[in-house]
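A.B. asks: Build the 3D model from these lines:
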Amino acid sequence: MSLVTPSTVLAASVSVSPVVLDYKAKVRDIIEGTLLVKNLENRMVAIYPVVNNVDPSSGRTEFVEPSSADFSSSLANWISVSRGMIELRAGEERTVPFKIQVNLAAKPGAYHAFISFPVGATRAEAESRFEGAATVAVNVEVQDDIKENLQLLTFAPDKNLFLGGPVSFTYQIENNGNRAEVPQGELVIYDKRGKEIANLVVNKEQHAVAPASSREFSNTWPGSGAFGKYRALLSVRYGADEAARLQDTVFFTVMPWQKLGALALVLLSACMGFAWWIHRRYTRFHHAAGVGHRPSHDPRHGLSSEHFPHVVDLRHPRHKEETRSKE
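C.D. replies: Residues are numbered from 1 along each chain as shown. Predicted structure coming up:
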């Protein structure tokens, strides 16, 4: 910001301090302060404060009536200071308060004005002596009211299970600020042991996200030779100094169909082998049981006892005896 200073900072009759005021502000900001005015004469003087805009290129001052002023660009109209007569006795000092209220329609840039304290019996006489008056230069730099706010709405792989590469990711970013943002960053892929195996550039095409809108981005990892479970970390930076950051993590699995078929074949072979082993064990067990057993024969029928079920006689002992006696 170029500074404007008054050509005359000390008048014969009155002095004022400070002589330069520099501020940085945003729209709707209010700045308050005080000035110290001193009478250097041995007599009473009357002072009539005056506020004028200044053209920094020429140093020319101008006063615009409030009714015709462009309040969005007139610093003189943002400044509030007592415009009434100030009487100071010989050698007296007085504090003069002021307020600067940045107009809500002000555009970013530098604005300049003078607050002068000319002496005269009337305002007209004082303003005619403006060139020799004690003056304060006011410089205000209106800064952009920038709001930087991105939000990560979604981040996910296109599938949770990939039967081989490539592996694709999509993510949607929303801009809740008031300026366009170009997201930067990286998408890093780690294996199940935490080892970094790929680093993809975010928004390589430098697409911007406009205010009050969202945009979808994507990245693709070739995934050559990938097999198993992986983790993808998305890290997005934005802002004038890229200090703001968005992060999210997702998991996915890569199982190439060739390896998946081979694994299925191995599992099938293992199951068949286990079934054959169970069958062999079962056959050997029953063969051994058959060799050690000699079935008895019932002489009445010529049949072995293995053809008859074993029957338990639950009758009372007396009935059993009666049956035996009959036989």
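A.B. asks: Show me the chain divided up by domain.
C.D. replies: Domain assignment for the chain by automatic domain parsing gives 14-142, 150-255, 297-326.
A.B. asks: can you put the ones you listed in JSON lines and add mean neighbour count?
C.D. replies: Every residue, glycine included, has its C-beta placed from N, CA and C. What follows is the domains of the chain, written out as JSON lines (neighbours: other C-beta atoms under 10 Å):
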{"stretch": "domain 14-142", "mean neighbour count": "16"}
{"stretch": "domain 150-255", "mean neighbour count": "15"}
{"stretch": "domain 297-326", "mean neighbour count": "9"}
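A.B. asks: right, so of the ones you listed, which gets closest to residue 268?
C.D. replies: Between residue 268 and these, the tightest spacing by C-beta to C-beta is seen for domain 150-255, at 16.8 Å.
A.B. asks: List the contacts of the nearest residue to residue 208 once chain neighbours are set aside.
C.D. replies: Using C-beta to C-beta, 6 or more residues apart in numbering and skipping residues adjacent in sequence, the residue nearest residue 208 is residue 180, 4.4 Å away. Residue 180 makes contact with 208, 209, 210, 211 under the criterion C-beta atoms under 8 Å, 6 or more residues apart in numbering.
A.B. asks: right, and the third one touches residue 175 too?
C.D. replies: To tie it back to what came earlier, the one meant is residue 210. Yes - with contacts counted by C-beta atoms under 8 Å, residue 210 reaches residue 175, the gap being 6.4 Å.
A.B. asks: picking that back up, of all the domains of the chain, which lies closest to residue 274?
C.D. replies: domain 150-255 (23.9 Å).
A.B. asks: and that closest one, how far apart are its ends?
C.D. replies: End-to-end distance for domain 150-255: 35 Å, by C-alpha to C-alpha, to the nearest Å.
A.B. asks: From the chain's centroid, how far away is it?
C.D. replies: 14 Å (C-alpha atoms, centre = their mean, to the nearest Å).
A.B. asks: rewinding a little: nearest to residue 246, of the contacts of residue 180?
C.D. replies: Nearest to residue 246, judged by C-beta to C-beta, of the contacts of residue 180 is residue 209 at 11.7 Å.
A.B. asks: Show the model's pLDDT score for that closest one.
C.D. replies: We have a pLDDT of 97 for residue 209.
A.B. asks: give the contact list for the closest residue to it other than its chain neighbours.
C.D. replies: Closest residue to residue 209 apart from its sequence neighbours, by C-beta to C-beta, 6+ apart: residue 175 at 4.3 Å. Counting by C-beta under 8 Å, 6+ apart, residue 175 touches 149, 150, 181, 209, 210, 211, 212, 213, 214.
A.B. asks: Same question for residue 103.
C.D. replies: Residue 103 neighbours (C-beta under 8 Å, 6+ apart): 27, 71, 72, 77, 78.
A.B. asks: This completes my enquiry, with thanks.
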